[in-house]
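In: The sequence and its predicted three-dimensional model are supplied below.
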Amino acid sequence: MLLTLLLIWLFIKLGIGLLKIMAFLVVAGIVFVFFTHLLLPLLALFLVGGLAFSAIK
């Protein structure tokens, strides 16, 4: 919590508005959700493929 307040204070001192901070957090959250929904099935496919390959070999 203290680190968050410190970062917000620093951004305001640097001239980066609160709106830009909130927009960045929203975009970062959307990107995180997108990548987890994209990467988790791919990792599962690689895992299953690797297991199948080792079982056949």
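Out: Ah, there it is.

In: contacts, neighbours, all on C-alpha from now
Out: Fine.

In: Could you report the separation of Leu10 from Thr4?
Out: Leu10 sits 10 Å away from Thr4 when distances are taken as Cα to Cα, to the nearest Å.

In: who has more neighbours, these two?
Out: Leu10 (12 against 9; other Cα atoms under 10 Å).

In: which helices and strands does the helix or strand containing Phe34 pack with?
Out: When elements are defined using DSSP states H and E, Phe34 is found to belong to helix 18-56. Helices and strands touching helix 18-56, by 3 or more Cα pairs under 8 Å, 6 or more residues apart in numbering; DSSP states H and E, are helix 2-14.

In: and the helix it packs on, how far from the chain's centre?
Out: 21 Å (Cα atoms, centre = their mean, to the nearest Å).

In: ok, and what's touching that helix?
Out: For helix 2-14, contacts defined as Cα atoms under 8 Å, 6 or more residues apart in numbering pick out 17-18, 21.

In: Who wins on neighbours among these?
Out: Result: Ile21 is most packed of the contacts of helix 2-14 (other Cα under 10 Å), 15 neighbours.

In: Pull the contacting residues for that residue.
Out: Counting by Cα under 8 Å, 6+ apart, Ile21 has contacts 8, 11.

In: Show the pLDDT at it.
Out: Predicted confidence (pLDDT) at Ile21: the value is 76.

In: For the remainder of this discussion, apply numbering that starts at 454.
Out: Got it, first residue is 454 now, which makes that one Ile474.

In: For Ala497, see how far away it is.
Out: Taking Cα to Cα, one finds Ile474 at 34 Å from Ala497.

In: one step back: okay, angle between the helix holding Phe487 and helix 455-467 too, please.
Out: Helix 471-509 and helix 455-467 meet at an angle of 130 degrees, taking axes from the mean of the first three to the mean of the last three Cα atoms, to 10 degrees as the criterion.

In: so how far is helix 471-509 from its chain's centroid?
Out: 8 Å.

In: Phe487 - how many residues pack around it?
Out: 11.

In: whoops, I mixed them up, Val486
Out: So Val486, with other Cα under 10 Å, has 12 neighbours.

In: Helix or strand with the lowest mean pLDDT in this protein?
Out: Here the helix or strand of the chain ranked lowest by mean pLDDT, DSSP states H and E is helix 455-467, holding a mean of 80.
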